[in-house]
Structures are given as structure tokens and as C-alpha cells.
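Participant: okay, sequence plus prediction incoming.
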Amino acid sequence: MTLEPVSAVETAVYRFPTPYPEADGTIEWDATTAVVVRVRAGDHTGVGYTYSTAAAAGVVADHLADVVCGQDAGDVTACWSAMRRACRNLGTRGLVGQAISAVDVALWDLKSRLLGVPLSVLLGRCRDTVPVYGSGGFTTQDDAQLAAQVAGWTDAGCTAVKIKIGESWGSRVDRDLARVDRLRELVGPGVQIMVDANGGYTVGQARRVGAALDDRGVVWFEEPVSSDDVAGLALLRACLRADVAAGEYAADVVDAARLCPAVDCLQLDATRCGGYTGFLAGAAVAASAELQVSAHCAPSLHAPVAAAVPNLRHVEWFADHARLEPQLFDGTPSVHGGQLSVPGGQPGSGLTLSGRCEPRRRT
Ligand SMILES: [Mg+2]
């Protein structure tokens, strides 16, 4: 059975300023760049995106569009393989991987629209709603900004929330712990606290901070050290009570397999790890190590695939993306009772470009 040949691959680049300067332990930013990909076949259009740099749109236009155009839109995995082969000399990680991911996501959406089924059904749905945790807690926030953000999460029924620590490459540990204490005051005893150091600590520091976090009942310590330091992560996993998590930069199953022995929960980001095709493969690798996966950022994009992964723990309801996705798209799922509703009533992902945002660049 064939569907329709892919007839066009288009990109558009959008910039979403943050409401105030934001930072984690190791980087600062004032905007998020979304690179949107639309693929067309017959009368249907699929949409995907990655948050990256405008250069990712150039990769799509210069290196991926011709690879995908003319292929049958039903053969998503063939397109995924062809894109990776075509980028051998460029490398398939980093922004090239983000470009491939955005095209893959758009192709899955397109296929489900051509078949007339919800995307979550095409991917193999095993749940109708997906648990999320509130995520943000930037190191730049003052107390009022943190309190307002946390109120949004608890109002939406989140039972777990996450803030950034490791401020200024681990040079402000006292403030890190004070902010964790303030978060506990804000959420009370019934909500789980998670933290993300974005690789800001050394191993020794992370062990000491981790002990203090264990004393505070923190359940999740993300990238206590760089995710490149697999041995360091493994050491921390062995000595801390909190779950050690990493994986947001994983580009493929090789990265996933390398991290699995060192984490309690593998993070995967479909906008970086090869789209939904890569996410499903990474989740299978995690399952082979008896691990759950947690989807990193882009909650609306992750909803359909998160609904189709048996070993899913949760999806990160990240503040920047929870704000930009409803501006960029119509049909974004909402959060109630700490759960993201998975679009299931119509063909495709349920997301369509809103037309409310002006792209800075188009191909
Ligand atoms: Mg993180």
C-alpha cells in the first residue's frame, strides 16, 4: 500500500522572547527559537518543530528536503533512515539531529492525516492522558516570580514540580538550597520536588548537594554533573536517594544505551533524538534496562508519542514551551489534574499552525 509522495518540505523560524531574562546553572537566554517544518503530500500537511537555531532550518532546506520529497509519505522510517544517511558527513547529532527530528515529527503527523487516524493511535496509544510535571524555576527569578509560576503548576494539578539549581556553575550552593526550601514552603508536603543542575556541579559537589537534597526529600536530581560524565552520573546514582536523570541531549539509541546504566530515569527529547522514530527507539532501549523515560520539554509535541510509550514516567511541562506552543499552534492539549490530554478525536497530531506568529525566516 502506498499513500502519496511527499511533495514539499517547508520551514519557518520563529523567535519567542522570554518574559524576563532566564537562566539555569550553566546558560542564560532571553528567547526561544522555534524551527517549524511542514511537509505536504496530496491535500494534507503535517507539522513538526524543534527549538534550536535558524541554522537548523538551513539544514532542512539544504540537506533534507530533497531527500524526503518524492518518497511515499507512508514510509516514515525510510525517510528517517535516508535523512540520517544523507547527513553522514555533517554528523547526525546537535542541530542536524534537531533538523531531522522536526522533519520526522512532521512526517508522522502527515502520515496520520493521510490515513485519517489520530497520531497517537498510529503510534500505538496505550493511555489517553499523560502525567506532566511543572518545570521552570529559573535561577534568575525573584521570590514573587517563582511563587507565581508554582501557583500555575499547582492550580493545574501538578503533583511534581522542578526548578533549576547549580546557579553560576555551582558557585551559589547556599542559594540553590534556599530556593529548594522556598519551593517546599510554596508547594507543601504533598507535591514532589525535582531539581535540575544542568551539569553545573563537579562530582564531589553534586554528592554533597545531593545529600542535602536527600535530607529535603527531593525525588529527582537531573544532570547533577554533565551528561557527558557517565561515570560521574553512575557514581551519584549509586550514592543518592533521589533519582538521577539525564538524556535531554541524547541524539540516538547509542546515546540512550550509554546513559541507561547511569540513570534512574532516561530523559528523551523527540525534537533532538530523531523525532518520534528516535523517541520510540530510545524508549525501547530504556525498557531493555528496566527504566522509565521522561519526555523533555515541548509538551504538546510529545503528547502523542508519550501516549504510546508503555514505560513513560511523565512529560516536562516546561514554562517557556508551555507559553510558546499555544501561540504557535492551534489545538495544543491542556493540562488538568496534572495530566496532559492527548488529542484523539481527529486525524493527525491535533496541532495546526496558528498563523498568529510572524516568522523571521521562511524556506
Ligand atoms: Mg534539563
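Facilitator: Noted; the coordinates are in hand.

Participant: from here on, just use CA atoms for contacts and neighbour counts.
Facilitator: Noted.

Participant: which ones are touching the closest residue to A303 other than its chain neighbours?
Facilitator: The shortest distance from A303 to any non-neighbouring residue, by Cα to Cα, 6 or more residues apart in numbering, is to V342 (5.7 Å). Contacts of V342 were listed using Cα atoms under 8 Å, 6 or more residues apart in numbering, and they are S120, D128, T129, V130, A303, P304, A307, P333.

Participant: any chance of those in CSV, plus distance to L90?
Facilitator: CSV is the format used below for the contacts of V342 (distance: Cα to Cα, whole Å):
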residue, distance to L90
S120, 32
D128, 39
T129, 38
V130, 36
A303, 30
P304, 30
A307, 33
P333, 35
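
Participant: which among those count as buried?
Facilitator: Neighbour counting over those (16 or more other Cα atoms under 10 Å) leaves S120, D128, T129, V130, A303, P304, A307, P333 as the buried ones.

Participant: restricted to helices, list those.
Facilitator: Using DSSP state H, the members of these that fall in helices are S120, A303, P304.

Participant: now those as TSV including pLDDT and distance to V254?
Facilitator: Shown next, in TSV, are these (pLDDT from 0 to 100; distance: Cα to Cα, whole Å):
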residue	pLDDT	distance to V254
S120	97	26
A303	97	24
P304	97	24
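
Participant: looking at those, which is nearest T33?
Facilitator: Among those, A303 lies closest to T33 (Cα to Cα), at 20.5 Å.

Participant: hmm, that closest one is touching G344, no?
Facilitator: No: with contact defined as Cα atoms under 8 Å, A303 does not reach G344; the gap is 10.5 Å.

Participant: shared neighbours of these two, which are they?
Facilitator: Residues touching both A303 and G344 (Cα under 8 Å, 6+ apart): S120.

Participant: span of stretch 292-311 from start to end?
Facilitator: 5 Å (Cα to Cα, to the nearest Å).

Participant: which of the residues in that stretch are buried?
Facilitator: Taking 16+ other Cα under 10 Å as the criterion, stretch 292-311 shows 292-311 as buried.

Participant: just these: which are in strands?
Facilitator: Q292, V293, S294, A295 (DSSP state E).

Participant: doesn't Q267 make contact with the last one?
Facilitator: What it means is A295. Yes: between A295 and Q267 a contact is recorded at 5.8 Å, counting by Cα under 8 Å.

Participant: the stretch 151-300 of the chain: helices as residue ranges?
Facilitator: Counting by DSSP state H, counting those that start in this stretch, the stretch 151-300 of the chain has helices at residues 167-170, 173-187, 203-215, 230-239, 253-259, 275-288, 299-306.

Participant: packing partners for the longest one?
Facilitator: In this structure, helix 173-187 packs against helix 143-155, helix 203-215, with contacts taken as 3 or more Cα pairs under 8 Å, 6 or more residues apart in numbering; DSSP states H and E.

Participant: which one of those is the most hemmed in?
Facilitator: Stretch with highest mean neighbour count among these: helix 203-215 (a mean of 18; mean count of other Cα atoms under 10 Å).

Participant: quick check, distance from that one to the centre of its chain.
Facilitator: Distance of helix 203-215 from its chain centroid, counting by Cα atoms, centre = their mean, to the nearest Å, is 26 Å.

Participant: need the helices of the stretch 151-300 of the chain in CSV (columns: distance to A102).
Facilitator: Formatted as CSV, these follow (distance: least, Cα to Cα, whole Å):
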stretch, distance to A102
helix 167-170, 31
helix 173-187, 35
helix 203-215, 34
helix 230-239, 27
helix 253-259, 17
helix 275-288, 6
helix 299-306, 10
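
Participant: now stretch 211-229: mean pLDDT?
Facilitator: Computed over stretch 211-229, the mean pLDDT rounds to 98.
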